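In: Requesting a structural model of the entry that follows:
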Amino acid sequence: MNIIEINQLTKYYGKHRGIENVSFSVEEGEIFGFIGPNGAGKSTTIRTLLSLIYPTSGTATIFGKDCIKHGDEIRKEIGYLPSEVFYYENMKVIDVLKYSASFYENVDMSRIESLSKAMDLDLNKKIEDLSYGNKKKVGIVQGLLHEPKLIILDEPTSGLDPLMQQKFFDLILAENKKGATVLFSSHILTEVQKLCSRVAIIKEGQIIKVENINDMRNSSYKKIIVESQEDSIEKLFGFEGITNLTKTAEGVNFLFKGDINTIIEVLHKVKLQNILIEEPTLEEIFMHYYQKEA
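Out: Residues are numbered from 1 along each chain as shown. Below is the predicted model of the structure:
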């Protein structure tokens, strides 16, 4: 069963592009990554899903219900953490969280306390006394306090130090094990790699790839680093199958997909100082998709 279904979703702000013909689905119980640089259209997609803004065209459903027609009903089962969080400065953290809990049925105070303890959040401090990272912790607890069936995270770790990031990841994994589905939007590839099983890659408002992360990592692409002082060595590697070629002081770096013997034949003509063949990182594969589309 798909918890989220997006079909040809388009949003324009006047003449300016938000997103165009975005389509993907998120399966029940999955942690799904939504990746792309800032300005690619991730937040616009999420805000449309939450019916905070209305689409120009296309459709989106959550739990099988239209996001616009049934927005109020759907949001009761969603935990949302926006990229930026804002609160009344004079309120205490505990008052903010109790107020948030009042919008849902049967929120146990012990749930707020356990989440706050996990994130090392002081419930008695005023919002105005919190750092940006601690305000983000308030948003995390706020988004999870009602045990939502769907958790939507938009650049969730900004402002968190590495220790808090790991605690946050542990929280999300624990909620997922209990049955929550997660849509995780980020431009930080290492975060997506830690948590997600599949990803949608968005560029300039359009989806360019929906891919299983293991398939991305285990594709036949190889990262090859050649160290040689021969002049114009990069000209030897201008054939099909080579992408992301970069000239360095030591030689050349590139990604290669194809028969490795083709590379060996070329290297046989070169006086080498060193060579390294390894699996590319997720970030390098991501940039490959971007450059390929460009």
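In: what are the ranges of the helices in this structure?
Out: Taking DSSP state H, the helices of the chain run over residues 42-49, 71-75, 93-101, 109-118, 132-144, 162-177, 189-195, 213-217, 260-267, 282-293.
In: Now do the longest one: which elements does it pack against?
Out: Okay, so that is helix 162-177. Using 3 or more C-beta pairs under 8 Å, 6 or more residues apart in numbering; DSSP states H and E, the elements in contact with helix 162-177 are helix 109-118, helix 132-144, strand 150-154, strand 181-186, helix 189-195. Yep, even glycine has a C-beta here, placed from its N, CA and C like the rest.
In: Which one, of those, ends up nearest to residue 168?
Out: Smallest distance to residue 168 across the helices and strands packed on helix 162-177 (C-beta to C-beta): 6.2 Å, for helix 132-144.
In: pLDDT averaged over the closest one, what's the number?
Out: Across helix 132-144, the average pLDDT comes to 95.
In: which outside residues touch that helix?
Out: The contact list for helix 132-144 (C-beta atoms under 8 Å, 6 or more residues apart in numbering) reads 79-82, 85, 87, 93, 96-97, 100, 112, 115-116, 119-122, 125, 127, 130, 151, 153, 156, 158-161, 164, 168, 171, 175.
In: got the helices and strands packed on helix 162-177 as TSV, with mean neighbour count columns?
Out: TSV is the format used below for the helices and strands packed on helix 162-177 (neighbours: other C-beta atoms under 10 Å):
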stretch	mean neighbour count
helix 109-118	16
helix 132-144	21
strand 150-154	23
strand 181-186	24
helix 189-195	18
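In: rewinding a little: of the helices of the chain, which is nearest residue 244?
Out: If you check each of the helices of the chain against residue 244 by C-beta to C-beta, helix 282-293 wins as the nearest, at 5.6 Å.
In: burial count for the nearest residue to residue 94 once chain neighbours are set aside?
Out: Nearest residue to residue 94, sequence neighbours excluded (C-beta to C-beta, 6 or more residues apart in numbering): residue 123, at 4.1 Å. Residues lying near residue 123 (other C-beta atoms under 10 Å) number 17.
In: Identify the residues contacting residue 123.
Out: By C-beta under 8 Å, 6+ apart, residue 123 lies in contact with 92, 93, 94, 97, 112, 113, 116.
In: what about the stretch 101-250 of the chain, any weak spots by pLDDT?
Out: Across the stretch 101-250 of the chain, the ranges flagged by pLDDT under 70 are 217-220.
In: picking up where we left off before, so for residue 73, which of the helices and strands packed on helix 162-177 sits nearest?
Out: strand 150-154 (12.7 Å).
In: Packing partners of the closest one?
Out: With contacts taken as 3+ C-beta pairs under 8 Å, 6+ apart, strand 150-154 sits against helix 42-49, strand 78-81, helix 132-144, helix 162-177, strand 181-186.
In: same thing but 6 Å
Out: helix 42-49, strand 78-81, strand 181-186 (3 or more C-beta pairs under 6 Å, 6 or more residues apart in numbering; DSSP states H and E).
In: how distant is the first one from the center of its chain?
Out: Pointing back at helix 42-49 there. 13 Å (C-alpha atoms, centre = their mean, to the nearest Å).
In: Give me the angle between that helix and strand 150-154.
Out: Helix 42-49 and strand 150-154 are oriented at 150 degrees to each other (axes from the mean of the first three to the mean of the last three C-alpha atoms, to 10 degrees).
In: The last one now?
Out: Here strand 181-186 runs at 0 degrees with respect to strand 150-154, directions being taken by the same axes, to 10 degrees.
In: What distance do you get for residue 103 to residue 183?
Out: 21 Å (C-beta to C-beta, to the nearest Å).
In: swap in residue 93?
Out: From residue 93 to residue 183 the distance is 26 Å (C-beta to C-beta).
In: circling back to that earlier point, can you redo the helices and strands packed on helix 162-177 as TSV with distance to residue 279?
Out: Shown next, in TSV, are the helices and strands packed on helix 162-177 (distance: least, C-beta to C-beta, whole Å):
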stretch	distance to residue 279
helix 109-118	34
helix 132-144	33
strand 150-154	27
strand 181-186	22
helix 189-195	12
